[in-house]
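# model the structure of this input:
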Amino acid sequence: MQPIEPMKFFRQLGVLIARNFQLIWNDKLVLGSLVLQAPLMVLVIYLVGDPTCFTSNLINIGSRTILFILCAVSTFMGILNSYREICKEREIIFREASVGVSLLATVLSKAIVLLLIEAVQALILTAGFVSIIQIPQNHLLYDTNLELYVSVLLMMVASSAMGLLVSASLKSSESAILLVLVLIIGQVVFSGVMFPVTGAMTVISTVIVCRWGMGALGASTDLNSRLSWLKAGLDSPMYDATVPNLLHSWRMLALLAVVCLVAAWLVLRIAFQRRKD
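Next comes the predicted model:
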């Protein structure tokens, strides 16, 4: 595959981004799901959340649970947004690549469109969350509500990048379902919230979006001060309200997103080369 000129690359990227938006606009089922996801998740939080779990004098684990629900729905939304995006157009993508369209531009166009959509979804989800749950304002770096928004957006971006990697690896959206279910279950099992993570599980947990999302949300809300009475080892130092904890979790989420996008591009390149040979 010949290297592509920068200006040509960016022209292709712009055309692909515009086309992806047009495809979403024309597919009313996909458009409807993207529009309704965040409001429906806010409804879930409203139904199950205790508004005073952070501010009441009675310290309980409700604050930890509601943060995990926010992490889980953010991650699930990101994966579900993206897992079909490449495999449903696989043949078209390879035909275009054969006439010079950059596979990197294809992957980045998908990621950029998802980023813009998820910026709005994260805003709705975070605004709904803080309007329902009375969040303590710790202001580690910024306003706590803004910190929560950044964390939710990074979780969506990282998980949607994972979804794009799944989509690039498989030939059809039907075959991706099983792997998507594994990813979703893995977010719960290896997050360190529902079950203790020890030994080899710790290595797996480093690529779990929910783990780093919980670390970021826990730091912003000073979660460990709500769990100080627990002596079962369920609280974690990563939930301490410190700037290094928050920044580390954000960096890990951003790194996961970049690694998954690069991997998706490489998987497509390998598949395309094999197809040519």
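# residue contacts, the residue nearest to E96 when sequence neighbours are not counted?
Distances taken as C-beta to C-beta, 6 or more residues apart in numbering put T106 closest to E96, at 7.5 Å, once the chain neighbours are dropped. No exception for glycine: its C-beta is placed from N, CA and C like everyone else's. Contact analysis of T106 by C-beta atoms under 8 Å, 6 or more residues apart in numbering lists 16, 86, 93, 96-97, 268.
# can you do 10 Å?
Residues near T106 by C-beta atoms under 10 Å, 6 or more residues apart in numbering: 12-13, 16, 20, 85-86, 89, 92-94, 96-97, 168, 264-265, 268.
# how far does the helix or strand harbouring it sit from the chain's center?
Using DSSP states H and E, T106 sits within helix 103-132. Helix 103-132 has its C-alpha centroid displaced from the chain centroid by 9 Å (C-alpha atoms, centre = their mean, to the nearest Å).
# ok, stretch 48-66 next?
Per C-alpha atoms, centre = their mean, the centroid offset for stretch 48-66 relative to its chain is 24 Å.
# what's the answer for stretch 185-200, then?
17 Å.
# distance between the ends of that stretch?
17 Å (C-alpha to C-alpha, to the nearest Å).
# look up how far L16 lies from the residue nearest to E96.
6 Å (C-beta to C-beta, to the nearest Å).
# need the residues touching each of the two.
93, 96.
# re earlier: quick one: mean pLDDT over the helix holding T106.
In this model, helix 103-132 has a mean pLDDT of 96.
# got the buried residues for the helix or strand just after that helix?
Per DSSP H and E, the first helix or strand lying C-terminal to helix 103-132 is helix 144-169. Judged by neighbour count (16 or more other C-beta atoms under 10 Å), helix 144-169 contains these buried residues: 144-145, 147-169.
# quick one: the helices in the chain?
6-26, 28-48, 62-82, 90-98, 103-132, 144-169, 173-189, 200-205, 209-220, 223-226, 243-276 (DSSP state H).
# just name the most buried of these.
Comparing these by mean neighbour count (mean count of other C-beta atoms under 10 Å), helix 209-220 ranks first with a mean of 28.
# helices or strands next to it in the packing?
helix 62-82, helix 144-169, helix 173-189, helix 200-205, helix 223-226, helix 243-276 (3 or more C-beta pairs under 10 Å, 6 or more residues apart in numbering; DSSP states H and E).
# what's the angle between that helix and helix 173-189?
Going by axes from the mean of the first three to the mean of the last three C-alpha atoms, to 10 degrees, helix 209-220 is angled at 40 degrees with respect to helix 173-189.
# what about helix 209-220, average pLDDT?
Per-residue scores along helix 209-220 average to 91.
# then the lowest-mean-pLDDT helix or strand in the chain to PDB, C-alphas only?
Least confident helix or strand of the chain, by mean pLDDT, DSSP states H and E, is helix 223-226 with a mean of 74. The C-alpha coordinates for helix 223-226 follow below in PDB (Å, rounded to 0.1, in the frame of the first residue of the first chain):
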ATOM      1  CA  LEU A 223     -15.800   8.200  47.000                       C
ATOM      2  CA  ASN A 224     -13.500   6.700  49.600                       C
ATOM      3  CA  SER A 225     -14.800   9.200  52.200                       C
ATOM      4  CA  ARG A 226     -18.200   7.600  51.700                       C
END
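# so which elements touch that helix?
Judged by 3+ C-beta pairs under 10 Å, 6+ apart, helix 223-226 is in contact with helix 62-82, helix 209-220.
# what would those helices look like in a markdown table with distance to Q121?
Listed next are the helices and strands packed on helix 223-226 as a markdown table, based on distance: least, C-beta to C-beta, whole Å:
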| stretch | distance to Q121 |
| --- | --- |
| helix 62-82 | 6 |
| helix 209-220 | 15 |
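# so which of those helices is nearest L246?
When the helices and strands packed on helix 223-226 are compared by C-beta to C-beta, helix 209-220 sits nearest L246, at 4.2 Å.
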